[in-house]
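Visitor: build me a model from this:
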Amino acid sequence: MLQTWRWFGPHDIAKIEDVVQAGAEGIVSALHHIQPGVVWSSEEIEKRKAEISRTSTGEPSGLYWTVVESLPISESIKKQQGDWRQHIETYKQSLQNLADAGIETICYNFMPILDWTRTDLAWPRPSGATCMRFDFADFAAFDIHILERRGADNDFPEAVKEEAAKRFSEMDEQRKRQLTGNIIAGLPGGAETFSLDDVRTHLAEYDDIPADRLRRNLFDFLEEVVPVAEKLGQRLCCHPDDPPFPLLGLPRIMSTEADYRALCSAVDSPANGITLCSGSLGTRPDNDLPGMMERLGGRVHFLHLRNVRREGDAIAGSFYEDEHLAGGTDMVALIAAVLKEEARRKAEGRADHQIPMRPDHGQDIVDDLRRRSQPGYPIIGRLRGLAELRGVITALSHARTEFS
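Guide: Numbers count the residues shown, from 1 in each chain. Reported below is the predicted structural model:
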């Protein structure tokens, strides 16, 4: 695996030299300051490449921009409204400019409105660490009593609604603002943020877009951009829904193995692939991550390796970000499946036999607790995760194992 590190640009509290010291081999980044639907110019792409190539003292870093995460898809494209056709043309031009800069792997998602959803961004653990958490009752309190979404009462079990009402009655204004901010924070590092009224407006525009139509809109988008990416020698890889179950009455279409099979079949091209995120997909008890890697591995172009701890067996429920080798996903089995797929690709002579991965998220530990990092992206917590994952990779790749 190609070990990479997500970097949000010059304003990231993690400096390029920190990434070098972590031992990462490449950078995952994006032009977060550019709104969806606007072309990524060659000048802005080269500027980011230059920022990655040097430490803060001007020394060569030895790092390069390996994966784009994400080249965002506008709400207009997702809904097929307004300037959506022009936005697709803009997307194609951005792909061309990225290809001209030598960047081949592009991650994206097709989640309506919000990129990911958590109710707590710094939930305390017994060790003293903090992590991100999704509490189903807290989310219900927001949806029913703060957002006051029409029909929200019908989307939660009775016990969850009762607990949500109790918690809401005990919330002061500060807690209501904190919960709202956590849920509608928008994209990690992104240019977009939302108000409650923004969310209500967007939700209303999805009233007539069921899951089947949103999926068709995704496939329409892919039918336009995948041939361009294939011609340019690029690999597009779709990130799963996070969390992978319906929220706010919105459709979820990239949550299961069946969803990814449909994606790959709809536009059957090596340029149309998967970002296998073990944390997002691992939130559902019916997703078998090692098995998905074994069965769909040929189309996996990017890996997010992290772990979550589910707090029940329901499809929709509470969970928190656990340590990388803890949680509900058997990370050793998943890494073994990845190494087996890489060996198969290498034997076939595939140029992309080495799959880029990054240690996704991480608990805030040690000095992380005194920093204000992007939620989910602490320096030391991710460094610990990378070290643990690297240890598993090294052990399974040892000369005495079948993957050597």
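Visitor: give me the low-pLDDT residue ranges for the stretch 151-300 of the chain?
Guide: 185-193 (pLDDT under 70).
Visitor: what segments of it are strands?
Guide: Under the criterion DSSP state E, counting those that start in this stretch, the stretch 151-300 of the chain contains strands at 235-238, 272-277, 300-305.
Visitor: columns distance to Arg54 on top of those, output as CSV?
Guide: For the C-beta atoms, the positions are set from N, CA and C on the backbone; glycine is no exception. Shown next, in CSV, are the strands of the stretch 151-300 of the chain (distance: least, CB to CB, whole Å):
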stretch, distance to Arg54
strand 235-238, 27
strand 272-277, 28
strand 300-305, 25
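Visitor: can you say which of those strands is nearest to Glu223?
Guide: Closest to Glu223 of the strands of the stretch 151-300 of the chain is strand 272-277 (CB to CB; 9.7 Å).
Visitor: now do the closest one: distance to the chain's middle.
Guide: 10 Å (CA atoms, centre = their mean, to the nearest Å).
Visitor: could you do stretch 165-182 as well?
Guide: 27 Å.
Visitor: neighbouring contacts of that stretch?
Guide: Arg118, Thr119, Asp120, Leu121, Ala137, Asp138, Ala141, Phe142, Ile144, His145, Ile146, Leu196 (CB atoms under 8 Å, 6 or more residues apart in numbering).
Visitor: surely the last one meets Ile183?
Guide: Looking back up the chat, that one is Leu196. No - using CB atoms under 8 Å, Leu196 is not in contact with Ile183, being 9.9 Å away.
Visitor: out of the contacts of stretch 165-182, what pair is the most spread apart?
Guide: The farthest-apart pair in those, when distances are taken by CB to CB, is Leu121 and Ile144, at 21.4 Å.
Visitor: settle it for me: which of the two has more neighbours?
Guide: Ranked by neighbour count (other CB atoms under 10 Å), Leu121 and Ile144 place Ile144 first, with 20 against 17.
Visitor: three-state assignment of that one?
Guide: Three-state call for Ile144 (DSSP: H, G, I helix; E, B strand; the rest coil): helix.
Visitor: contacting residues around Leu232?
Guide: With contact taken as CB under 8 Å, 6+ apart, Leu232 is in contact with Leu95, Gln96, Ala99.
Visitor: sorry, back to before: Leu196 and Ile183: which is more packed in?
Guide: The neighbour comparison of Leu196 against Ile183 (other CB under 10 Å) goes to Ile183, with 23 against 14.
Visitor: what does the helix or strand where His87 lies rub up against?
Guide: His87 belongs to helix 84-100 when assigned by DSSP states H and E. Among residues not part of helix 84-100, those counted as contacts by CB under 8 Å, 6+ apart are 36-42, 45, 68, 71, 73-74, 76-77, 106, 221, 224-225, 228-229, 232-234.
Visitor: over to stretch 3-13?
Guide: 14, 16, 19, 22-29, 32-33, 48, 51-52, 66-67, 69, 188-189, 356-360, 371-374, 377, 379, 382, 386, 389-390.
Visitor: among these, which ones are buried?
Guide: 14, 16, 19, 22, 24-29, 32, 48, 51-52, 66-67, 69, 188-189, 356-360, 373, 377, 379, 382, 386, 389-390 (16 or more other CB atoms under 10 Å).
Visitor: of those residues, which belong to strands?
Guide: Among those, the members found in strands (DSSP state E) are Gly26, Ile27, Val28, Ser29, Thr66, Val67, Glu69, Pro356, Met357, Arg358, Pro359.
Visitor: excluding chain neighbours, what is closest to Arg125?
Guide: Cys131 (6.2 Å; CB to CB, 6 or more residues apart in numbering).
Visitor: about what we covered before: export the contacts of Leu232 to CSV and tack on pLDDT and neighbour count?
Guide: CSV is the format used below for the contacts of Leu232 (pLDDT from 0 to 100; neighbours: other CB atoms under 10 Å):
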residue, pLDDT, neighbour count
Leu95, 98, 23
Gln96, 98, 18
Ala99, 98, 17
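Visitor: now those residues as TSV including distance to Cys238?
Guide: Putting the contacts of Leu232 into TSV (distance: CB to CB, whole Å) gives the following:
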residue	distance to Cys238
Leu95	15
Gln96	20
Ala99	19
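Visitor: between those, which is nearest Cys277?
Guide: Among the contacts of Leu232, and counting by CB to CB, the member closest to Cys277 is Leu95, at 21.9 Å.
Visitor: state the distance from that closest one to Asp115.
Guide: Noted for Leu95: a distance of 20 Å to Asp115, by CB to CB, to the nearest Å.
Visitor: what's the angle between the longest helix along the chain and helix 84-100?
Guide: Ordering each helix of the chain by length in residues (DSSP state H) puts helix 211-232 first. Helix 211-232 runs at 30 degrees relative to helix 84-100, counting by axes from the mean of the first three to the mean of the last three CA atoms, to 10 degrees.
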